[in-house]
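Colleague: Give me the fold of what follows.
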Amino acid sequence: MAADSEPESEVFEITDFTTASEWERFISKIEEVLNDWKLIGISSGKPLEKGIYTTGTWEEKSDEISFADFKFSVTHHYLVQEPSDRDGKEEPGEDALPLPMQDLLCMNNDFPPRAHCLVRWYGLREFVVIAPAANNEAVVSESKCNLLLSSVSIALGNTGCQVPLFVQIHQKWRRMYVGECQGPGVRTDFEMVHLRKVPSQYTHLSGLLEIFKTKIGCPLTPLPPVSMAIRLTYVLQDWQQYFWPQQPPDIDALVGGEVGGLEFGKLPFGACEDPISELHLATTWPHLAEGIIVDNDVYSDLDPMQAPQWSVRVRKADNPQCLLGDFLTEFFKLCRRKESTDEILGRSAFEEEGKEVADITHALSKLTEPAPVPIHKLSVTNMVHSAKKKIRKHRGVDESPLNNDVLNTILLFLFPDAADKLADGFESRANTSAGNNPPPENEDYNLFSQFKSAPSDSLTYKLALCLCMINFYHGGVKGVAHLWQEFVLEMRYRWENNYLIPGLANGSPDLRCCLLHQKLQMLNCCIERKKARDEGKRGSMSDRSPGASGNGAKGADHSGDNPDKEKEFGKSWESWSDSEEEFFECLSDTEDLKGNGQENGKKGGAKEGNKEPVNFKPEGRLHPHGKLMLLHPGEPLYVPITQEPAPMTEDLLEEQSEVLAKLGTSAEGAHLRARMQSACLLSDMESFKAANPGCCLEDFVRWYSPRDYIEEEVVDEKGNRVIKGELSARMKIPSNMWVEAWETAKPVPARRQKRLFDDTREAEKVLHYLAVQKPADLARHLLPCIIHAAVLKVKDEEALEDISSVKKIIKQIISHSSKVLRFPNPEDKKLEEIIAQIMSVEAIIARARSLKAKFGVEKCENEEEKEDLQRFVNCLLEQPEVSVVGAGRGPAGSIIHKLFVNAQRVPAVPPLEEELRRSGSPEERRQGQGVLSDFPPPTGREVILRSAVPRPAPYSKALPQRMYSVLTREDFRLAGAFSTDTTFF
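Modeller: Numbers count the residues shown, from 1 in each chain. The predicted structure is shown next:
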């Protein structure tokens with residue numbers, strides 16, 4: 001027994017043939033994917049409607065499988081259809097043909113303009129493709145192709161799937177597929193031939209019919225009828241008889257104003273080349289029976305003018321050069337430049353002779369020194385002449401980026417008030433500057449608030465357009481730097497000479513606009529304050545009524561004004577203009593209040609409800625309130641002259657908020673923060689005390705914040721109803737800011753208070769900010785204005801064409817831009833997307849105009865035909881392919897026919913001689929013999945042959961057979977779907 005057991009242990013190694021091979025695993029993975037996608041079992045669906053392949057929605061889903069280490073992608077392509085109404089009805093019988101086989105014979109969707117190539121070749125609504133994954137090599141060898149096809153066949157047989165499965169073979173560019181579809185007792189094989197050199201018998205219909213019948217091998221006589229669908233495609237490339245209407249602008253005439261579509265303040269628009277490169281005419285014979293027409297190597301009945309169906313598509317030029325798009329792109333490139341203005345133009349134009357370049361911040365440091373800055377001694381004329389000398393010194397007059405004519409034209413466009421003679425007096429200039437019309441309330445005008453740009457009638461907006469034009473046509477970045485330098489000099493000149501800046505809305509900076517626009521508005525505020533002081537006039541901007549929102553009586557009611565107060569107020573402004581010191585402090589407290597009993601009053605005030613002494617002369621009264629009386633003296637309450645709060649730009653607000661945030665949350669920090677925020681309140685309290693001797697905090701609250709003074713009816717000791725008032729709860733909190741400020745406030749009129757808004761300092765800060773801007777910074781600031789202008793331009797141009805698809809894109813651009821431009825420093829990628837969208841709209845409108853010119857829409861006299869042509873042109877822009885109503889006999893068809901006739905008559909080199917020699921079609925032969933046709937040889941010939949034939953035996957079931965043929969200049973393709981009855985075979 002022991003001896004017998006030894007050999008058994010040696011023979012223990014047994015090969016397990018039940019282990020799955022790589023091939024079996026691959027088949028299993030295919031079956032698994034088909035199961036996951038629920039493609040198992042009988043496929044059902046509604047009959048296909050006409051044109052559904054074009055108008056319907058195609059979807060796809062993908063998965064990945066592998067054969068050993070070779071990866072394949074599996075993709076399911078299908079037409080989205082509503083569920084078929086088969087509920088409660090009988091399901092299709094087991095013997096019914098699978099849906100894909102029925103689709104092979106369907107004639108409703110031949111030659112779809114936009115679909116997967118297998119849809120065009122076989123007419124399928126659903127199929128699965130197995131192709132090598134992206135990084136894998138193509139399946140080229142015949143054995144591997146057969147192995148894949150066998151895998152597909154086994155997987156279909158195992159799962160009962162009726163959806164066709166294709167395998168992509170050879171290189172991807174060849175689009176070669178083989179596949180199979182199985183049903184109960186039937187199978188369809190999908191085969192393909194792809195050739196570069198076309199055999200002569202395949203160039204005409206009779207040869208294709210012979211090949212189709214041979215391939216079917218039908219045992220019946222006579223043969224079942226063959227149905228044919230034929231399409232010939234003709235390409236029109238020669239537009240010589242229609243010159244492109246858009247002429248490039250004449251830049252030399254720019255100074256004259258209107259410039260071939262170009263004008264300062266307006267952006268150009270349109271394509272510089274024809275945006276339509278080709279017109280493709282497809283002539284189709286959709287249902288032809290065999291024998292009706294003749295098409296062989298000698299003669300052809302396929303005359304395009306006799307074709308029952310015409311359809312047209314246009315080929316668009318790739319990225320046509322468009323003016324608006326070029327302007328935007330070049331301006332956007334400025335944002336990436338690194339050079340400063342001084343580096344571009346040479347040494348600084350602000351530099352003085354014989355001195356080294358000094359940082360402009362030194363001017364600000366001088367302002368903070370105790371000694372006054374003698375601004376009135378600065379000569380702007382000398383400074384400008386010095387700047388021009390420097391410019392001439394470092395680059396000759398002839399080398400200036402902008403010549404004087406162009407520069408003067410731009411400056412007059414930006415500053416129209418500069419044309420006024422100086423002799424006309426200051427008033428004329430001031431009036432033109434400040435005469436800003438109220439903004440129109442319409443959607444287009446208010447776009448600036450969405451884009452954070454500037455109003456379309458503002459100086460900032462005009463400056464952006466001028467810089468954009470100069471960047472494109474007048475010296476690029478050097479021209480931009482030159483104009484900006486001149487602009488900054490003009491700003492300083494206006495500040496020092498009290499000339500308001502035109503094209504800016506009155507009032508504080510508008511935070512809805514870009515920062516540069518806010519800075520210019522801030523400078524205008526400074527000029528206005530300085531002008532009011534220097535002229536000794538009272539301006540409405542300098543009179544503030546803090547409680548106007550809370551109390552209607554405390555408004556700008558000047559009916560109670562008297563000459564004394566006007567005289568007093570005028571005197572206050574004159575006293576401010578006597579000195580050029582940075583801060584205008586009042587006299588020392590002891591001198592100012594000498595003899596006024598201030599010390600005693602302050603002591604008594606704490607005991608008597610914070611009441612002020614009455615033994616000093618009232619100052620700084622604007623007018624009597626009219627309704628309110630002081631509580632204790634019983635005298636009328638006067639509205640005081642108060643200071644205007646300081647206007648703020650968004651960067652100053654951000655800076656202020658950072659300072660306040662840094663104070664922390666401690667009690668001391670909170671107290672300091674409150675004091676910093678109450679500077680305006682303190683100023684108003686001091687003005688109120690000066691105007692109303694003997695007043696108390698309750699008087700101030702009644703005027704300044706009426707809601708914080710609560711009045712109610714009470715019954716006194718005698719039984720009479722009287723009104724009694726008291727401060728609100730928040731005013732009674734111990735040591736609150738209002739009480740503390742009231743105790744601190746001294747009776748000082750506004751004219752002798754420290755200025756809340758130091759216009760001199762703020763103006764110098766703005767001018768410094770403008771002077772240090774690089775061209776790239778400037779472009780970033782103004783890019784929203786340029787995008788704003790471009791959107792308005794495309795809206796105006798679209799209104800002339802009325803293209804619905806463009807309207808939708810413009811809405812998307814506005815929505816997208818609003819989100820991107822609202823925040824500071826938007827990403828370059830998002831800005832490029834916006835510019836690309838605007839360029840696409842420009843190209844669409846240019847194509848519409850090109851097609852209108854070619855089809856003579858405007859010249860058409862018949863109103864009905866004109867509308868048809870307009871509709872036809874709009875469809876060409878929005879649809880991949882458009883049917884021509886009436887084919888060659890309709891209005892559009894006759895125009896297309898003339899286009900081809902005119903192109904044929906233009907003497908040119910005979911086209912495609914090599915192809916003529918290679919494939920001798922009847923059309924080409926007739927042309928070679930000197931017979932001039934209205935149409936050139938067809939660029940593409942497509943033929944679909946269909947029949948229902950029993951295979952392989954005469955008694956087999958009649959099954960669909962289909963062959964698609966396409967012949968182009970580059971290649972020839974046959975795609976066949978041949979069905980076989982497998983019941984007994």
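Colleague: Do a quick rundown of the strands in the stretch 751-900 of the chain.
Modeller: Secondary structure of the stretch 751-900 of the chain (DSSP state E, counting those that start in this stretch): strands at 882-883.
Colleague: Would you confirm that residue 450 belongs to a helix?
Modeller: Yes - membership of residue 450 in a helix is supported by DSSP: H, G, I helix; E, B strand; the rest coil.
Colleague: how close does the nearest residue to it once chain neighbours are set aside sit to residue 649?
Modeller: Taking C-beta to C-beta, 6 or more residues apart in numbering as the measure, residue 450 lies nearest to residue 818, with 4.2 Å between them; neighbours along the chain are not counted. Where you see a C-beta, it was placed from the backbone N, CA and C, and this is true even at glycine. Distance of residue 818 to residue 649, given as C-beta to C-beta, to the nearest Å: 22 Å.
Colleague: cool, and residue 163?
Modeller: The separation that residue 163 has from residue 649, given C-beta to C-beta, amounts to 66 Å.
Colleague: still on that earlier bit, tell me, how many residues neighbour the residue nearest to residue 450?
Modeller: Under the neighbour criterion other C-beta atoms under 10 Å, residue 818 is assigned a count of 14.
Colleague: does it really touch residue 451, like I thought?
Modeller: Yes - with contacts defined as C-beta atoms under 8 Å, residue 818 counts as touching residue 451 at a distance of 6.6 Å.
Colleague: and the closest residue to residue 951 other than its chain neighbours, what helix or strand is that in?
Modeller: Among residues not flanking residue 951 along the chain, residue 980 sits closest, at 5.1 Å (C-beta to C-beta, 6+ apart). Using DSSP states H and E, the secondary-structure element containing residue 980 is strand 972-981.
Colleague: Pull the residues that contact stretch 790-809.
Modeller: Taking contacts as C-beta atoms under 8 Å, 6 or more residues apart in numbering, the residues outside stretch 790-809 that touch it are 266-267, 269, 324, 327-328, 444, 447, 451, 456, 810, 813-814, 817, 837-838, 840-842, 844-845, 848-849, 874, 877-878.
Colleague: Return the set of buried residues in it.
Modeller: Of the residues in stretch 790-809, 790-795, 797-798, 801, 803, 806, 809 count as buried by neighbour count, 16 or more other C-beta atoms under 10 Å.
Colleague: just the CA coordinates of that stretch, formatted as CSV?
Modeller: Once side chains and other backbone atoms are set aside, the C-alpha atoms of stretch 790-809 remain, and they are given as CSV (Å, rounded to 0.1, in the frame of the first residue of the first chain):
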residue,chain,number,x,y,z
ALA,A,790,-18.6,96.3,-26.2
VAL,A,791,-21.8,94.8,-24.8
LEU,A,792,-23.7,98.0,-25.7
LYS,A,793,-22.1,97.9,-29.2
VAL,A,794,-23.2,94.3,-29.9
LYS,A,795,-26.7,95.1,-28.6
ASP,A,796,-27.0,98.0,-31.0
GLU,A,797,-25.7,95.9,-33.9
GLU,A,798,-28.0,93.0,-33.0
ALA,A,799,-31.0,95.3,-33.0
LEU,A,800,-30.4,96.0,-36.7
GLU,A,801,-30.3,92.2,-37.5
ASP,A,802,-32.8,90.8,-35.0
ILE,A,803,-31.2,87.3,-34.4
SER,A,804,-32.9,85.4,-31.6
SER,A,805,-29.8,83.3,-30.8
VAL,A,806,-27.7,86.4,-30.4
LYS,A,807,-30.2,87.9,-28.0
LYS,A,808,-29.8,84.8,-25.7
ILE,A,809,-26.0,85.0,-25.9
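Colleague: which parts of stretch 212-230 are buried?
Modeller: Within stretch 212-230, the residues that qualify as buried by neighbour count (16+ other C-beta under 10 Å) are 212-213, 216, 218, 226-230.
Colleague: And residue 709, how close does it get to residue 727?
Modeller: Residue 709 sits 6 Å away from residue 727, taking C-beta to C-beta as the criterion.
Colleague: So for those two, which residues contact both of them?
Modeller: When contacts are counted by C-beta under 8 Å, 6+ apart, residue 709 and residue 727 have 698, 701 as shared neighbours.
Colleague: Kindly state the pLDDT recorded for residue 438?
Modeller: According to the predicted model, the pLDDT of residue 438 comes to 45.
Colleague: What residues are bridge-paired with residue 322?
Modeller: Each beta-bridge partner of residue 322 is listed here, defined by DSSP bridges: residue 271.
Colleague: quick one: which of the buried residues of stretch 212-230 is nearest residue 508?
Modeller: The shortest separation between residue 508 and any of those is 73.1 Å, and it belongs to residue 229 (by C-beta to C-beta).
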